[in-house]
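Novice: coordinates only, sequence not included:
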């Protein structure tokens, strides 16, 4: 498989002087197209920072980042926003749904920021994404009318609506019971089996163990995996 992601000696520093913190140091990593990868580590190890850099939400302080062999280091915020919206789907632990919107309105939201998608397609594409995660019957429900697992499925549908090649999940099962967690991981790995690259941050060894590959960070350094 071809490399989707290549990181060369990535570092991320916050602050200066006595308050300087090296959140990431010398991270080199390749992720293949269609792979599932788990990033493990204790709280503060740098795993969410690494995911944010991969997902173009944060900027590395040093090193190089290539996405499909194109260097993204040094791109403007607007250029990164376009890449992120068209190629990357994000799933967060706290779902990040908008409470006064229905499920289908939440899912359709990213389409409004993609000029390549006609507005006439918003509802159909959002409905298809909800159907994909098994929530066709909940399209008109608001987040407070859904269970935690259903809210996470809406968040996954929202991440899928732009048909991304890369799906990033930050502790996607952290707020769910074990049974619901299992079904969410089933869904993510089903998407991976269909060709989507899935990278997830987790502290759950059982979740990490279901991915094709796993790496571990300690104090901002890669100590296991490559």
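Specialist: Yes, it's here. Please read these numbers as outputs of a predicted model, since none were measured by experiment.
Novice: go through the lowest-mean-pLDDT helix or strand in the chain and flag the buried ones.
Specialist: Scoring the helices and strands of the chain by mean pLDDT, DSSP states H and E places helix 77-87 at the bottom, with a mean of 88. Neighbour-count burial for helix 77-87, with 16 or more other C-beta atoms under 10 Å as criterion, is recorded at 80, 82, 83, 84, 85, 86, 87. In this view, the C-beta of every residue, glycine as well, is placed from N, C-alpha and C.
Novice: roughly how far does the fourth one sit from residue 77?
Specialist: For residue 84, the distance to residue 77 equals 10 Å [C-beta to C-beta, to the nearest Å].
Novice: mind putting the buried residues of helix 77-87 into CSV with distance to residue 149?
Specialist: Shown next, in CSV, are these (distance: C-beta to C-beta, whole Å):
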residue, distance to residue 149
80, 31
82, 32
83, 30
84, 26
85, 26
86, 28
87, 27
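Novice: closest one of those to residue 60?
Specialist: For the buried residues of helix 77-87, the residue nearest residue 60 by C-beta to C-beta is residue 80; the value is 11.8 Å.
Novice: for the closest one, give me its contacts.
Specialist: Taking C-beta atoms under 8 Å, 6 or more residues apart in numbering, we find residue 80 in contact with 56, 72.
Novice: tell me who's in contact with the residue positioned nearest the centre of the chain.
Specialist: Taking C-alpha atoms, centre = their mean, the centroid of the chain lies closest to residue 168, which sits 1.6 Å from it. Shown in contact with residue 168 (C-beta under 8 Å, 6+ apart): 51, 54, 55, 88, 89, 90, 91, 199, 200.
Novice: residue 22 bridge partners, please.
Specialist: residue 13 (DSSP bridges).
Novice: quick revisit: tell me the contacts of the closest residue in space to the residue nearest to the centre of the chain that isn't next to it in sequence?
Specialist: If the residues on either side of it in the chain are set aside, residue 168 comes closest to residue 55, at 4.7 Å by C-beta to C-beta, 6 or more residues apart in numbering. Residue 55 is in contact with 84, 88, 90, 166, 168, counting by C-beta under 8 Å, 6+ apart.
Novice: and with 7 Å instead?
Specialist: Residue 55 makes contact with 84, 88, 90, 168, according to C-beta atoms under 7 Å, 6 or more residues apart in numbering.
Novice: which residues in the protein form strands?
Specialist: With DSSP state E as the criterion, the chain has strands at 3-14, 21-32, 36-40, 62-67, 70-71, 88-92, 166-170, 197-201, 213-218, 221-224.
Novice: what comes into contact with the shortest one?
Specialist: Read it as strand 70-71. residue 64.
Novice: and what of the fourth one?
Specialist: For strand 62-67, contacts defined as C-beta under 7 Å, 6+ apart pick out 5, 6, 7, 8, 9, 10, 11, 53, 71, 72, 73.
Novice: repeat the analysis, applying 8 Å as the threshold.
Specialist: Outside strand 62-67, the residues touching it (C-beta under 8 Å, 6+ apart) are 3-11, 13, 26-27, 53-54, 71-73, 83, 87.
Novice: where does pLDDT dip in this protein?
Specialist: The chain contains residues with pLDDT under 70 at 1, 226.
Novice: tilt between the helix ranked longest in the chain and strand 88-92?
Specialist: Ranked by residue count, the top helix of the chain under DSSP state H comes out as helix 178-193. Counting by axes from the mean of the first three to the mean of the last three C-alpha atoms, to 10 degrees, helix 178-193 lies at 170 degrees to strand 88-92.
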